[in-house]
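S.K.: this one's structure only:
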């Protein structure tokens, strides 16, 4: 998976400060070989009669690397790595959305917006989704997904979809989200 330097810079350096841009780019270049070595992306989805369960992860090894860097107290490097991995995870999620959307479209159906445990769904749905998918992901007693850098969510299969994208800025409360300007004209 290719790191999108532009996305990382937008997230971490909204004010375009040159010294920060240079520092972030340097960390991206230093981290890239390790990220590529430790990434183990895995996507699972299951289409059931009226819903789709989805689980996506960047893998256990990359989570261990993340913990090592945080534990080394190099917080800037850890933040750059976390931003890189979050961007890669959502890029993988968007690609998965297109695959699922195409599968559902063949049945003359559409998808709802993404429904995420802890947001639109009760957090305990993490366990329900994982139980149905039978993945390597784990859910602890607090319904937190392990490893880090994993996503679990679902879609409802319906007759129509009223958005152009999986992301809807209109229904999101995060006014400072870095994706807002990219997507708000599409939602």
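M.R.: Right, received. Where do you want to start? What you are looking at is a predicted structure, and each value in this text was computed from that prediction instead of being measured. Residues are numbered from 1 along each chain as shown.
S.K.: for residue 86, give me its contacts.
M.R.: By C-beta atoms under 8 Å, 6 or more residues apart in numbering, the contact list for residue 86 reads 11, 149. From N, CA and C alone the C-beta is placed, and that goes for glycine too.
S.K.: next one: it, what pLDDT does it get?
M.R.: Looking at residue 86, its pLDDT stands at 95.
S.K.: SS state for it?
M.R.: With DSSP: H, G, I helix; E, B strand; the rest coil as the basis, residue 86 sits in helix.
S.K.: separation between it and residue 107?
M.R.: 32 Å (C-beta to C-beta, to the nearest Å).
S.K.: kindly report the same for residue 116.
M.R.: For residue 116, the distance to residue 107 - C-beta to C-beta - is 24 Å.
S.K.: of the two, who's got more company?
M.R.: Legend: neighbour count by other C-beta atoms under 10 Å for residue 116 and residue 107, higher for residue 116 (17 against 9).
S.K.: need the pLDDT of that one.
M.R.: 95.
S.K.: what about the residue nearest to it when sequence neighbours are not counted, how many neighbours?
M.R.: Closest residue to residue 116 apart from its sequence neighbours, by C-beta to C-beta, 6 or more residues apart in numbering: residue 153 at 4.5 Å. Neighbour count for residue 153, taken as other C-beta under 10 Å: 26.
S.K.: would you say residue 153 is within a strand?
M.R.: Yes. Residue 153: assigned to a strand according to three-state DSSP.
S.K.: can you give me the pLDDT of it?
M.R.: The model's pLDDT for residue 153 equals 97.
S.K.: that one reaches residue 128, doesn't it?
M.R.: No. Here residue 153 does not reach residue 128: they are 11.6 Å apart, not a contact under C-beta atoms under 8 Å.
S.K.: returning to what we had before: mind listing what the residue nearest to residue 116 touches?
M.R.: 54, 114, 115, 116, 117, 129.
S.K.: the fifth one contacts residue 130, correct?
M.R.: So that's residue 117. No. Using C-beta under 8 Å, residue 117 is not in contact with residue 130; the gap is 10.0 Å.
S.K.: residues near residue 69, how many?
M.R.: When neighbours are defined as other C-beta under 10 Å, residue 69 has 20 of them.
S.K.: make 169 the starting number, not 1.
M.R.: That works, and once the first residue is 169, the last one we named lands at residue 237.
S.K.: not counting its neighbours along the chain, what's nearest it?
M.R.: Take residue 237 and drop its neighbours on the chain: the residue closest to it by C-beta to C-beta, 6+ apart is residue 246, 4.6 Å away.
S.K.: could you list the buried residues of the helix or strand hosting that neighbour?
M.R.: Under the criterion of DSSP states H and E, residue 246 resides in helix 243-273. By neighbour count on 16 or more other C-beta atoms under 10 Å, the buried set for helix 243-273 is 245-253, 255-261, 264-265, 268-269, 272.
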